[in-house]
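**Q** Coordinates only, no sequence provided:
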Ligand SMILES: O=C(O)CCC(=O)C(=O)O
Ligand SMILES: [Fe+2]
């Protein structure tokens, strides 16, 4: 079932109207504008389109979950297992988990259905109840006086109370001197100097002023505000204004269950199969040369972000280059709705590879080429919440509230290593 807002029956008046509007706007668009799009931008536009719905025939789709086998793919969205050249690599310990590499993006490893449905639900509960609250900064902290126990817990409390829903106050009304005229978007394009052991000291002393509070924010109910949650920081504090970590705020903590999932993923991969061939030059790895053969001992996640996407949200092409460890694995966990993920090359001029990421999939981005590759999420695929997110008597921790929230949501837990294991940036 595709979204009810997009007509799919070509004989229906709604479809014909949408088609007329689409042709009108496509005809009036300046062709020169389209020709100026980089291949990455063109792919973003293609998959973002609401009408006609994009064809996913060129999108790599490797999901093999039992639910998909039994019920077909949720939402009717089908990618293609042969869309992109891939190679299966055997996991180190044997076992059933599949692992694939995409040879045109060296260092990209895809682990389909890595997390069980139970683990997916556990991580979503963690993200909402335990993580998106102080001391972990969220996109809403700059603008609103948030409840001490976190927005999700306040939202559930207010849902279950007989009282009228309390409003969350904006900082601008409480302390007007914090306000700025415009509400900044959740993730802005800021170009930054790549971090390294040589640059990080200079980068760490660049001023990192707190983000100014929106002057247009109004008192808002928890139920509206929870849909505006876009990100929550993990570990080292990320300063969005400069796109560098703010080490003055201390290292923060990494929840043991997140650390375990990431370590399990990194330890499962036989990195010799990924990087062992001699086709990759050594220089790109930095002064110490390739270090993938030490990751079993040296991989230690210490930062990250939980991204919350509502159905119409996108994440533009970007490179995550604020980590001193510029080649160590970045582990990206997908939960809830599926998405089209694009990953290309060192500039937006490389044609990106489109990959369908479904709930439970894990992507590892590692090595110099993949970690410096532009990537983004142009589309959350409506109607793709897997059936295991329905409430059931066998899992009483998964309540109607979680199911309802996830009916419009994708969550991505994006975990990185900023510093070599044991390194103390203050020393
Ligand atoms: O949502 C995703 O799959 C990717 C997120 C991402 O690239 C990031 O947080 O830097
Ligand atoms: Fe990223």
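**A** All right, it came through fine. From a predicted model like this one, the values you see are computed outputs, not experimental measurements. Numbering: from 1, shown residues only. Ligands and ions are numbered 1, 2, ... in the order given.
**Q** wait, isn't residue 80 in contact with residue 63?
**A** No: Residue 80 lies out of contact with residue 63 (CB atoms under 8 Å); the separation is 11.7 Å. Just so you know, the C-beta spots here come from the backbone N, C-alpha and C atoms, and that holds for glycine as well.
**Q** neighbour count winner among these two?
**A** residue 63 (20 against 16; other CB atoms under 10 Å).
**Q** element containing that one, please.
**A** According to DSSP states H and E, residue 63 maps onto no helix or strand at all.
**Q** What is the neighbour count of the residue in the stretch 101-250 of the chain that ligand 1 sits nearest to?
**A** With CB to the nearest ligand atom, the shortest gap between the stretch 101-250 of the chain and ligand 1 falls at residue 231, namely 7.8 Å. Neighbour count of residue 231, defined by other CB under 10 Å: 22.
**Q** Across the sheet, point out what pairs with it.
**A** residue 307 (DSSP bridges).
**Q** Isn't residue 18 up against residue 51?
**A** Yes: if you go by CB under 8 Å, residue 18 and residue 51 touch, sitting 4.8 Å apart.
**Q** The stretch 251-400 of the chain against ligand 1: which residues are in contact?
**A** The stretch 251-400 of the chain has residues 305, 307, 315, 320, 332, 341, 357, 375, 377 near ligand 1, with proximity defined as CB under 6 Å from any ligand atom.
**Q** Just name the lowest-scoring one in those, pLDDT-wise.
**A** Confidence by pLDDT is poorest for residue 320 among those, given 95.
**Q** Where does the prediction get shaky in this structure?
**A** 1-5, 30, 64-74, 179-190, 278-283 (pLDDT under 70).
**Q** Which residue ranges of the stretch 1-150 of the chain form strands?
**A** Under the criterion DSSP state E, counting those that start in this stretch, the stretch 1-150 of the chain carries strands at the ranges 87-88, 100-101, 108-111.
**Q** Redo those strands as a markdown table? Include mean neighbour count and distance to residue 119.
**A** Output for these, formatted as a markdown table (neighbours: other CB atoms under 10 Å; distance: least, CB to CB, whole Å):
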| stretch | mean neighbour count | distance to residue 119 |
| --- | --- | --- |
| strand 87-88 | 11 | 23 |
| strand 100-101 | 20 | 20 |
| strand 108-111 | 24 | 13 |
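**Q** Tabulate those strands in a markdown table, adding columns for distance to residue 259.
**A** Shown next, in a markdown table, are the strands of the stretch 1-150 of the chain (distance: least, CB to CB, whole Å):
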| stretch | distance to residue 259 |
| --- | --- |
| strand 87-88 | 27 |
| strand 100-101 | 24 |
| strand 108-111 | 17 |
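**Q** sec struct for whichever residue of the chain sits closest to ligand 1, please.
**A** Evaluated by CB to the nearest ligand atom, the chain has residue 412 as its residue closest to ligand 1, separated by 3.2 Å. Classification of residue 412 using DSSP: H, G, I helix; E, B strand; the rest coil returns strand.
**Q** Please apply the same query to residue 309.
**A** What three-state DSSP gives for residue 309 is strand.
**Q** Number of residues surrounding it?
**A** 21.
**Q** What of the one 4 residues further on?
**A** Using other CB under 10 Å, residue 313 has 17 neighbouring residues.
**Q** For residue 117, the count of nearby residues, please.
**A** 19.
**Q** how close does it sit to residue 388?
**A** Counting by CB to CB, to the nearest Å, the gap from residue 117 to residue 388 is 4 Å.
**Q** ditto for residue 139
**A** In terms of CB to CB, residue 139 sits 28 Å off from residue 388.
**Q** And these two? Which one has more around it.
**A** residue 139 (22 against 18).
**Q** Chain neighbours aside, what residue packs nearest to that one?
**A** Nearest residue to residue 139, sequence neighbours excluded (CB to CB, 6 or more residues apart in numbering): residue 230, at 4.4 Å.
**Q** give me the number of residues near that neighbour?
**A** There are 19 residues near residue 230, going by other CB under 10 Å.
**Q** Likewise for residue 336?
**A** 27.
**Q** try residue 205
**A** Residue 205 has 10 nearby residues by other CB under 10 Å.
**Q** Please enumerate residues in contact with the longest helix along the chain?
**A** For the chain, the longest helix by residue count, based on DSSP state H, is helix 13-28. Contact partners of helix 13-28, identified using CB atoms under 8 Å, 6 or more residues apart in numbering, comprise 6, 7, 8, 9, 10, 51, 52.
**Q** list the contacts for residue 7?
**A** 14, 15, 17, 18, 51 are the contacts of residue 7 under CB under 8 Å, 6+ apart.
**Q** cool, and residue 151?
**A** Applying CB under 8 Å, 6+ apart, the residues near residue 151 are 132, 133, 138, 140, 168, 222, 225, 226, 229.
**Q** and what of residue 150?
**A** Counted by CB under 8 Å, 6+ apart, residue 150 has contacts 129, 132, 133, 134.
**Q** Need phi/psi at residue 339.
**A** phi -150, psi 160 (degrees, to the nearest 10).
**Q** need the contact list for the residue lying closest to residue 299 once chain neighbours are set aside.
**A** In this structure, residue 299 finds its nearest non-sequential neighbour in residue 266, 4.9 Å apart by CB to CB, 6+ apart. Counting by CB under 8 Å, 6+ apart, residue 266 touches 295, 296, 299, 329, 331, 364.
**Q** Restricted to helices, list those.
**A** Short answer: these in helices (DSSP H) are 295, 296.
**Q** tell me the domain ranges of this protein?
**A** 33-137+230-416, 140-181+214-228 (the TED database).
**Q** Out of those, which is the most enclosed?
**A** domain 33-137+230-416 (a mean of 19; mean count of other CB atoms under 10 Å).
**Q** that older thread, among the contacts of residue 150, list the two that are farthest apart in space.
**A** 129 and 134 (13.6 Å; CB to CB).
**Q** and the closest residue to residue 34 other than its chain neighbours, how far is that from residue 91?
**A** Ranked by CB to CB, 6+ apart and with sequence neighbours excluded, the top spatial neighbour of residue 34 is residue 42, at 7.6 Å. Distance, residue 42 to residue 91, using CB to CB: 36 Å.
**Q** cool, and residue 382?
**A** Counting by CB to CB - residue 382 and residue 91 are separated by 33 Å.
**Q** repeat for residue 402
**A** 31 Å.
**Q** Could I get the full set of helices for the stretch 301-427 of the chain?
**A** For the stretch 301-427 of the chain, the helices defined by DSSP state H, counting those that start in this stretch cover 367-371, 400-406.
**Q** Can you say which of these is nearest to residue 172?
**A** helix 400-406 (26.9 Å).
**Q** thinking again about what came up before, nearest to residue 205, out of the domains of the chain?
**A** From the domains of the chain, taking CB to CB, the stretch that ends up closest is domain 33-137+230-416, at 9.4 Å.
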